[in-house]
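**Q** only the shape, not the letters, is given here:
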């Protein structure tokens, strides 16, 4: 008992002197209190990183959601805009189709008005083909009507200017005179008026016979002699430049197959298709070459024949040419003066 009391006293004294000794004593481990270190009192670095990663993922998720929302919005707006453009384009195509249909209808009406002619007797209309060419195709009713009108006007002009006809034309050359007699005015009025209009303008004065072929003697005015006494003066030529330099052509290939001298020797034809202003003198029967079915789809107009001075043509035919395919005369025969000699 004494020993126990002594022991208790010592322990009490020791506890009072050093309270921690009791706690650190091995025998009193069951009475020790847990202590908190620094690590247990604050979060670790790994915990902080985990927390930061979670915030970054959240921010990224929000950004992705916003980006997808923007893409969906603009895609929807683009689709709406594309749909609107397609609607506008379809409306434009529909309107354009209507315009094309209306344009074709108007063009068809215009062509119908220009190609159809209503007959006053029976009210029926006759139309020409869209590809119709009066200089190559057979004349249709419309062609024949305006040809008749043109011939009637030309015939009236010739009758007022020169009388009932036929007309006589004199070609004066250094080799002699050549006199032409035209067909009746009712037969070839358009060709006759065209030729005498050139004569009255002074066009043929100073021009030439230039070609000596086997079948024709041809005349043109490619090299006018300006020194010709009856030629157009420079002052007149400037005043009448358009008339002289652009003589034009006959409007249609006029032809009368009832003429007894039609494209026979010494008859006069208009060269070219459409013809003018060149003319030629036939040296042989040229109906096969210059008549229907000859060198062109339409025959050459044959409007006059020589009644005096045939020997001049024969003499020209004996003159030398250059040997070319055109057989151009080495010396051209000039027209000193060409005139209508029965003018009233």
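**A** Right, received. Where do you want to start? Just so it is clear, the structure is predicted and the values come from calculations on it, not from any experiment.
**Q** what number of residues lie near the nearest residue to residue 167 once chain neighbours are set aside?
**A** Spatial nearest neighbour of residue 167, excluding adjacent residues (C-beta to C-beta, 6 or more residues apart in numbering): residue 182 at 4.6 Å. For glycine as for every other residue, the C-beta is placed from the backbone atoms N, C-alpha and C. Here the number of neighbours of residue 182 (other C-beta atoms under 10 Å) works out to 24.
**Q** bridged to residue 182, which residues?
**A** Applying DSSP bridges to residue 182 gives these bridge partners: residue 304.
**Q** buried sites along stretch 154-167?
**A** Buried residues in stretch 154-167, defined by neighbour count with 16 or more other C-beta atoms under 10 Å: 154-155, 158, 162, 165-167.
**Q** again, but for stretch 294-312
**A** Buried residues in stretch 294-312 (16+ other C-beta under 10 Å): 296, 298-306, 309, 312.
**Q** over to stretch 213-228?
**A** Applying 16+ other C-beta under 10 Å to stretch 213-228 flags 216-221, 224-225, 228 as buried.
**Q** include secondary structure when you put those into TSV, please.
**A** Formatted as TSV, the buried residues of stretch 213-228 follow (DSSP: H, G, I helix; E, B strand; the rest coil):
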residue	secondary structure
216	strand
217	strand
218	strand
219	strand
220	strand
221	coil
224	coil
225	coil
228	coil
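**Q** between those, which is nearest residue 192?
**A** For the buried residues of stretch 213-228, the closest approach to residue 192 (C-beta to C-beta) belongs to residue 219, at 16.7 Å.
**Q** just say helix, strand or coil for the residue nearest to that closest one when sequence neighbours are not counted.
**A** Nearest non-adjacent residue to residue 219, counting by C-beta to C-beta, 6+ apart: residue 209, 4.9 Å away. State at residue 209, reduced to three classes by three-state DSSP: strand.
**Q** just the helices in this structure please.
**A** Here the chain has its helices, by DSSP state H, at 2-17, 19-24, 38-41, 45-115, 141-162, 189-200, 234-239, 241-245, 287-290, 310-317.
**Q** right, and those helices - which one's nearest residue 339?
**A** Nearest of the helices of the chain to residue 339, taken as C-beta to C-beta: helix 189-200 at 6.4 Å.
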